[in-house]
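>>> The sequence isn't on hand, but the structure is:
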């Protein structure tokens, strides 16, 4: 197994340092291609549900069903990740996700899709995502080693949001030219990229964490551990608020585009694409100015709240697009900083369970949030965005409170909780 040297932060030479690791570079590029397909499908699913039902509540319900298994299963999936081979788990999950997308696309192509078939497929996606998310996040340190964790998490988050920026634009083109069904088929094909990356890795250069031996009470043990680390429980608590009420763009933006801005089907793609563009800009900023801990989290969430408030009041599509770039920038800064903070604060043998908690707060909160925002959206999409802004403001207050009582991790420095070996 190779070794890496500690790196100084804030220089051009280290901004893309983790890309010097071939396994990580291959994985991130493959994942970015796959996520272009995933966001193409996400947009198409919302458009398809609206076409079938013309109901914001239905969009919220389908979204909730997609993420309900994440809420219920991810904490235990984190235990499975700590016990198993993360690369093999990812390969199995990604293969099954590809098959589900292929099924979805074929049903849509022959016009056999019903609301309930979408719900069943959404539940399948949720079960697989419950394993895929913590495994993917916990696998990053095993590809790059401890000194590059912060840089690797930031690079990975940035390329994830390349998919968020490009995918909706691909969806807009496909929906208006060849039809919605091809969005799902394109997504199924896109999984080949990440599967190839995982299958061709040089396992000799990985930094594997020894699997945790099966024992009783490991899930509860992970919860208790997280509660003792301010740099873990703080970001998770803030994410729980934002994930529930703010990060429901799959529900809030389709109706905002269609009703508040009186747009066409492709208008939603432009809104979510603007969000993705802002996320890429935010990711580049985080690479250039690496920092973790509560101060940056609070600043990012405060900007998030202001930008969400302004978006809710946006009078026209161009204004909304410009503001959603800022929303995306603030969002990815918060997500990247929070993810890096918990990964650096966590001991390796707990990393699967810790990232499982983060995924539960982020994605698993969606079933509740999607239904709540869906009902508010049916009343007034602008109010739904205002609720998201309020959640960000409350999260900022939570971060301020925990920041005064907890340790911090900044740049390459230390924290009250030591960075694990």
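That came through fine. The structure presented is a predicted model; accordingly, all values stated were derived computationally and were not measured.
>>> all contacts plus neighbour counts: C-alpha atoms, from now on.
Noted.
>>> can you give me the helices in the stretch 101-250 of the chain?
115-144, 149-177, 181-199, 218-227, 230-245, 249-255 (DSSP state H, counting those that start in this stretch).
>>> Residue 45 is in contact with residue 168, correct?
No - the criterion here is Cα atoms under 8 Å, and residue 168 misses it with residue 45 at 11.4 Å.
>>> now the helices of the stretch 101-250 of the chain in CSV, with mean neighbour count and distance to residue 338?
Output for these, formatted as CSV (neighbours: other Cα atoms under 10 Å; distance: least, Cα to Cα, whole Å):
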stretch, mean neighbour count, distance to residue 338
helix 115-144, 22, 12
helix 149-177, 24, 10
helix 181-199, 22, 25
helix 218-227, 16, 14
helix 230-245, 25, 5
helix 249-255, 25, 20
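>>> nearest to residue 392, of these?
Counting by Cα to Cα, residue 392 lies closest to helix 230-245 out of those; the figure is 6.0 Å.
>>> model confidence over that closest one, on average?
Model confidence over helix 230-245 averages 87 on the pLDDT scale.
>>> quick one: contacts of that helix?
With contact meaning Cα atoms under 8 Å, 6 or more residues apart in numbering, helix 230-245 is reached by 226-227, 293-294, 297, 338-339, 341-342, 345-346, 354, 357-358, 361-363, 365-366, 368-370, 372-373, 387-388, 391-392, 394-396, 398-399, 402-403, 406-409, 417.
>>> quick one: terminal-to-terminal distance for stretch 75-95?
In stretch 75-95, first residue to last residue: 22 Å (Cα to Cα, to the nearest Å).
>>> Mind listing what's buried along it?
Under the neighbour-count criterion of 16 or more other Cα atoms under 10 Å, stretch 75-95 has 75-87, 89-91, 93-95 buried.
>>> Distance of the closest residue to residue 196 other than its chain neighbours relative to residue 199?
Once flanking residues are discounted, residue 196 sits nearest to residue 30: 7.5 Å by Cα to Cα, 6 or more residues apart in numbering. Separation of residue 30 from residue 199 (Cα to Cα): 11 Å.
>>> One more: residue 226?
Taking Cα to Cα, one finds residue 226 at 33 Å from residue 199.
>>> can you check residue 183 too?
Taking Cα to Cα, one finds residue 183 at 25 Å from residue 199.
>>> go on, residue 38?
Distance from residue 38 to residue 199, by Cα to Cα: 20 Å.
>>> likewise residue 213?
The separation that residue 213 has from residue 199, given Cα to Cα, amounts to 25 Å.
>>> try residue 284
28 Å.
>>> Ok, residue 300 next?
37 Å.
>>> helices or strands up against the strand or helix carrying residue 327?
Taking DSSP states H and E as the criterion, the element that holds residue 327 is helix 317-345. For helix 317-345, the packing partners by 3 or more Cα pairs under 8 Å, 6 or more residues apart in numbering; DSSP states H and E come out as helix 149-177, helix 230-245, helix 267-288, helix 294-312, helix 351-359.
>>> same question for that helix, mean pLDDT?
87.
>>> Could you pull out the buried residues of it?
Here helix 317-345 shows 317, 320-345 as buried, counting by 16+ other Cα under 10 Å.
>>> Can you give me the buried ones in the helix or strand where the residue nearest to residue 196 lies?
Element membership for residue 30 (DSSP H and E) is helix 22-53. Within helix 22-53, the residues that count as buried by 16+ other Cα under 10 Å are 23-50.
>>> contacting residues around stretch 28-44?
For stretch 28-44, using Cα under 8 Å, 6+ apart, the contacting residues are 156, 159-160, 162-164, 166-171, 175, 180, 183-184, 186-197, 250, 268-269.
>>> Distance check, residue 397 against residue 301.
Distance from residue 397 to residue 301, by Cα to Cα: 10 Å.
>>> okay, those two: which has more neighbours?
With neighbours defined as other Cα atoms under 10 Å, residue 397 and residue 301 compare such that residue 301 has more, 29 against 16.
>>> so where's this protein uncertain?
The model of the chain has pLDDT under 70 over residues 1-14, 161-162, 164-165, 215-217, 264-266, 364, 403-421.
>>> residue with max distance from the center of it?
Residue farthest from the centre of the chain, counting by Cα atoms, centre = their mean, is residue 110 at 31.4 Å.
>>> centre of the chain versus stretch 106-119, how much separation?
Relative to its chain's centre, stretch 106-119 lies at 26 Å (Cα atoms, centre = their mean, to the nearest Å).
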